[in-house]
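In: 3D model of this:
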Amino acid sequence: MRKEPGRAEFECLQGAEHPVDVRLAPTAAERRCERTKCVTKNERRGKVKMENEKTKCHEDLVKNAIRDGRTVLGIELGSTRIKAVLIGEDYAPIASGAQTWENRYEEGIWTYHLDDVWKGLQDSYHQMACDVKDRYGVSLKTIGAIGFSGMMHGYMAFDRDGKLLVPFRTWRNNITGEAADKLTDLFYFQIPQRWTIAHLYQAMLNQEEHVERIDYLTTLAGYIHWKLTGKRVLGIGEASGVFPIDSNLKTFRPDLMKVFDNLDESSRYPWNLHEILPEVLTAGESAGYLTKEGAELLDISGELQSGIPLCPPEGDAGTGMAATNSVAKRTGNVSAGTSVFAMVVLEKELSKVYSKLDMVTTPSGDPVAMVHCQNCTSDLNAWVGLFGETLESFGLKPDMDELYGVLYRKALEGDADCGGLLAYNYYSGEHITDFTEGRPLFVRSAEDDFSLANFMRVHLSTALGALKVGADILFKEEGVKVDKLTGHGGLFKTKKVGQKILAAAMNTPVSVMKTAGEGGPWGSALLASYMINKEKGESLDTYLEKKVFVGQKSETIAPDPEDVAGFETFIERYKKGLAIEKAAVEKL
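Out: All right, here's what the predicted structure looks like:
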C-alpha cells in the first residue's frame, strides 16, 4: 500500500523545480471540522425547510379561513385615515387597507362630504381585498362578521327620505356652547359641546329650519351601519357620546329624555327625542346583517356577498378600549393622534360634575371617565413636515418615518422642563382650556435654552398639555386609581418616546402593546369577533383577557421622577401662558 506523504515530504515536493500536485490527507481535527460544517449546514437547511413549511401551513390555514368566511373585518373612519383590518382566527391581522382623508372648514363648520365618506370607505375596503388577493391568491367573498367604528359625537340629521339635512357637523366644532351649558345645568350631567344632543339643542335654540324635518339623528358610525344594514342602532359606547346613558338599563337615560321633551323649545317640533335617536345595543348583541345593497355599496367589485352579521357600530373611544384590553375596572388607555383622549374605567361614580371630564361607557356599558382634547399631533406633524422640506432644499429626500424617529428621539435629549420653551398646538378650539378657536403658537424668551432637542420636546409635551390639565382633576382631585394605562395611536409609533413623555405627564406607568399600531379598526374587529365567538355568559373583558390578549407582549415604562418634576414645571408655564394664546386668537 502506498504511503501518503507527510508534511515535510509535501513541502519538499512543492519546492521542487517541477512541483508535483500532492494533496495532504486531512488531519483528524480537520475531518471533525468538516463534519461539523456539514451538520451545521444541514441543520440550517432543515430549519429553513421547517420555517418554509410552517409559513406555508399558516398561509394554507389563512387561505381556508378566507374561503370559508372564518375571518372578521373591522373598519374605522378616523379623523385623518379610514382603515380596514381583516383578522384571522388567532385575532392577528392578515390583511389591511387604508385611505387618508381630511376634514374641510366650510362656512364656519368642520365637516366631511358624504362623497368623501363613501369613496374613502370603498377605497380602504378595496385595498384590503387586494391585499388578501396578493398575499393568499384568493378573492374575499364572505366574512364571518364586520364591525364599523368612527370618530365619536357630531351631528348627522336626516329627513324621512334619508337625505342629509345639513352638512355633517363633526366633533371638532365648538359652536354649541350655549346649548351645552344649559343642558349641563338642566341634567346635572356634563354635556360637552361636541355631543350630538348639544348640536341638536343648539340648532333648536338657533331656530334652524331643518330641525322640524328630522326623522333620524345619528353619528358617522351609525350612518354607515344604517346604510349597510338598514338598522338604526348604535353601540352603547358610541351612544354615550350622543346622550347620557343609564349603565344599569343599558340605554339612554329615560328620565333625562323626558326632561328634554318637556323643554319649551321641544314643543315646537312634531317628534319626541326617542323617536329620532338610534336603538342602543351592547357588545355581543346582533346589530343586523349586510344587505345586498350594502354589500354593493361597500365592495364596488361586486364580489362581497350579503348576509354577513354586523356588531353594534362603536366610536373610536370604544374600539380603543377593546384594542388595548382596557374594558375592565381600574384599567385605562390614552389614544393620541389628531386628537387625544384618556379613558379610565371607574369603580364608582365621580363625586360631582366636572366641566372638563366626560362620562361615557365601555362597549359593555360600564361607566368611564374621559378626558377629551381637540388637538394633539397636527401641529407637531406640521413642524416635522417643515424639517422635511428643509432637507429637500438641500437635495435630500428624507424617509418620513425615519425623520419622525430621529426628531422624536432627539426630544429625549432635551431638558425635562423643555428648557423654558412654550408651545400651543391649538389648530382648533380646546374646551379643556375654554377656547372656542385656536392658533398654533411657539413662544420663547431670549434666555431660554433654544435647541432642537428642547424644541421637539416642547411640541411633544404640549401635545399632551390639555390632557394633563383634565387628567389632574381625575387623579389628583377625585383620587381615581388605575392599575394599567395603555397608550396607542400615532404618537407612540416611535418606540419609547411618546410613551416616556406620557408617563411623565400622568405620573403613571404606561404600556404599549405590539398591536398598538393597529388601533381602532383592530378593536372594531375584536368586537365583531366577540359577537360571533363568545361563549354563553362570557363577558367582554374576560373574552379579551383570556382569549385575545393571553400571552400578548407589551413594553411598560415607569415615570422617571426627574421627568415628572419637569413636566409639572412645564404645565404651570403652559397654564400661565394661556393668556398669550387668548391674545393670538383675538388679534390674528
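
In: so what sits opposite the residue nearest to residue 326 when sequence neighbours are not counted in the bridge?
Out: With Cβ to Cβ, 6 or more residues apart in numbering as the criterion, residue 326 has its nearest non-adjacent residue at 4.1 Å, and that residue is residue 333. (Glycine included, C-beta is placed from N, CA and C.) Per DSSP bridges, the residues bridged to residue 333 are residue 343, residue 486.

In: check the gap between the nearest residue to residue 268 once chain neighbours are set aside and residue 204 for me.
Out: In space, and not counting its chain neighbours, residue 268 is closest to residue 212: 7.2 Å by Cβ to Cβ, 6+ apart. According to Cβ to Cβ, to the nearest Å, residue 212 stands 10 Å off from residue 204.

In: do the same with residue 457
Out: Counting by Cβ to Cβ, the gap from residue 457 to residue 204 is 46 Å.

In: go on, residue 57?
Out: From residue 57 to residue 204 the distance is 61 Å (Cβ to Cβ).

In: who has more neighbours out of the two?
Out: Taking other Cβ atoms under 10 Å, residue 57 and residue 204 do not tie; residue 204 has more neighbours (19 against 10).

In: just the CA coordinates of the helix or strand containing residue 317, formatted as PDB?
Out: In the assignment (DSSP states H and E), residue 317 maps to helix 316-323. The C-alpha coordinates for helix 316-323 follow below in PDB (Å, rounded to 0.1, in the frame of the first residue of the first chain):
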ATOM      1  CA  ASP A 316     -63.200  55.300  18.400                       C
ATOM      2  CA  ALA A 317     -63.200  55.500  22.200                       C
ATOM      3  CA  GLY A 318     -64.800  52.100  22.500                       C
ATOM      4  CA  THR A 319     -62.600  50.400  19.900                       C
ATOM      5  CA  GLY A 320     -59.600  51.900  21.600                       C
ATOM      6  CA  MET A 321     -60.600  50.300  24.800                       C
ATOM      7  CA  ALA A 322     -61.000  47.000  23.100                       C
ATOM      8  CA  ALA A 323     -57.700  47.300  21.200                       C
END
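
In: and it, what does it pack onto?
Out: Under the contact criterion of 3 or more Cβ pairs under 8 Å, 6 or more residues apart in numbering; DSSP states H and E, helix 316-323 touches strand 72-77, strand 145-150, helix 236-239, strand 331-336, strand 340-345, strand 367-373, helix 519-533.

In: of these, give the one that comes closest to residue 102.
Out: Closest approach to residue 102 among these (Cβ to Cβ): strand 72-77, 12.5 Å.

In: the closest one: what's the following helix or strand?
Out: For strand 72-77, the following helix or strand on the C-terminal side (DSSP H and E) is strand 81-87.

In: give me the sheet partners of that next one and which way each runs.
Out: Strand 81-87 is paired, per DSSP bridges, with strand 72-77 (antiparallel), strand 93-100 (antiparallel).

In: what mean pLDDT does the longest one get?
Out: Rounded to a whole number, the mean pLDDT of strand 93-100 is 95.

In: and for stretch 265-275?
Out: For stretch 265-275, the mean per-residue pLDDT is 97.

In: kindly check the end-to-end length of that stretch for me.
Out: Stretch 265-275 has its terminal residues 17 Å apart, counting by Cα to Cα, to the nearest Å.

In: can I see the domain layout of this protein?
Out: Per automatic domain parsing, the domain ranges recorded for the chain read 72-374+517-535, 378-462+569-588.

In: what mean pLDDT does the last one get?
Out: To tie it back to what came earlier, the one meant is domain 378-462+569-588. Computed over domain 378-462+569-588, the mean pLDDT rounds to 97.

In: which residues of the stretch 251-400 of the chain fall in helices?
Out: Secondary structure of the stretch 251-400 of the chain (DSSP state H, counting those that start in this stretch): helices at 254-261, 273-276, 292-298, 316-323, 378-393, 400-411.

In: out of those, which one sits most buried?
Out: helix 316-323 (a mean of 31; mean count of other Cβ atoms under 10 Å).

In: list of residues touching the helix or strand encompassing residue 179?
Out: Per DSSP H and E, residue 179 falls inside helix 177-187. Helix 177-187 has contacts (Cβ atoms under 8 Å, 6 or more residues apart in numbering) with 190-193, 195, 197-202, 204-205, 244, 256, 259-260, 263, 353, 355, 436.

In: before we move on, the earlier item: from residue 276, how far off is the residue nearest to residue 268?
Out: 11 Å.

In: what residues are shared contacts of the two?
Out: Shared contacts of residue 212 and residue 276, defined by Cβ under 8 Å, 6+ apart, are absent.

In: tabulate the helices and strands packed on helix 316-323 (CSV), appending distance to residue 586, mean pLDDT and mean neighbour count.
Out: What follows is the helices and strands packed on helix 316-323, written out as CSV (distance: least, Cβ to Cβ, whole Å; pLDDT from 0 to 100; neighbours: other Cβ atoms under 10 Å):
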stretch, distance to residue 586, mean pLDDT, mean neighbour count
strand 72-77, 35, 98, 29
strand 145-150, 34, 97, 31
helix 236-239, 36, 97, 32
strand 331-336, 29, 92, 26
strand 340-345, 26, 93, 25
strand 367-373, 22, 93, 24
helix 519-533, 36, 95, 27
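
In: and these: which comes nearest residue 540?
Out: helix 519-533 (5.8 Å).

In: export the helices of the stretch 251-400 of the chain as a markdown table, with columns for distance to residue 224.
Out: Listed next are the helices of the stretch 251-400 of the chain as a markdown table, based on distance: least, Cβ to Cβ, whole Å:
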| stretch | distance to residue 224 |
| --- | --- |
| helix 254-261 | 25 |
| helix 273-276 | 18 |
| helix 292-298 | 9 |
| helix 316-323 | 13 |
| helix 378-393 | 24 |
| helix 400-411 | 30 |
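
In: out of those, which is closest to residue 121?
Out: That would be helix 292-298 among the helices of the stretch 251-400 of the chain, by Cβ to Cβ, at 6.9 Å.

In: and the closest one, how far out from the chain's middle?
Out: Mean-position distance between helix 292-298 and its chain equals 26 Å (Cα atoms, centre = their mean, to the nearest Å).

In: pull the CA atoms of that helix into CSV?
Out: In CSV, the C-alpha atoms belonging to helix 292-298 read as follows (Å, rounded to 0.1, in the frame of the first residue of the first chain):
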residue,chain,number,x,y,z
LYS,A,292,-77.4,43.2,-0.9
GLU,A,293,-77.4,47.0,-1.4
GLY,A,294,-75.0,47.4,1.5
ALA,A,295,-72.6,44.8,0.0
GLU,A,296,-72.6,46.6,-3.3
LEU,A,297,-72.1,49.9,-1.6
LEU,A,298,-69.1,48.6,0.3
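
In: contacts for the helix holding residue 317, please.
Out: Looking at what lies outside helix 316-323 - Cβ under 8 Å, 6+ apart - the contacts are 74, 76, 78, 147, 149-152, 235, 237-238, 241, 326-327, 333, 335, 341, 343, 345, 360, 362-363, 368, 370, 488-489, 515-516, 518-524, 526-527, 540, 544.

In: quick one: residue 304 and residue 131, what's the gap?
Out: For residue 304, the distance to residue 131 - Cβ to Cβ - is 15 Å.

In: chain neighbours aside, what residue packs nearest to residue 278?
Out: residue 234 (4.3 Å).

In: spell out the secondary structure type for that neighbour.
Out: strand (DSSP: H, G, I helix; E, B strand; the rest coil).

In: so what's the residue count around it?
Out: 29.
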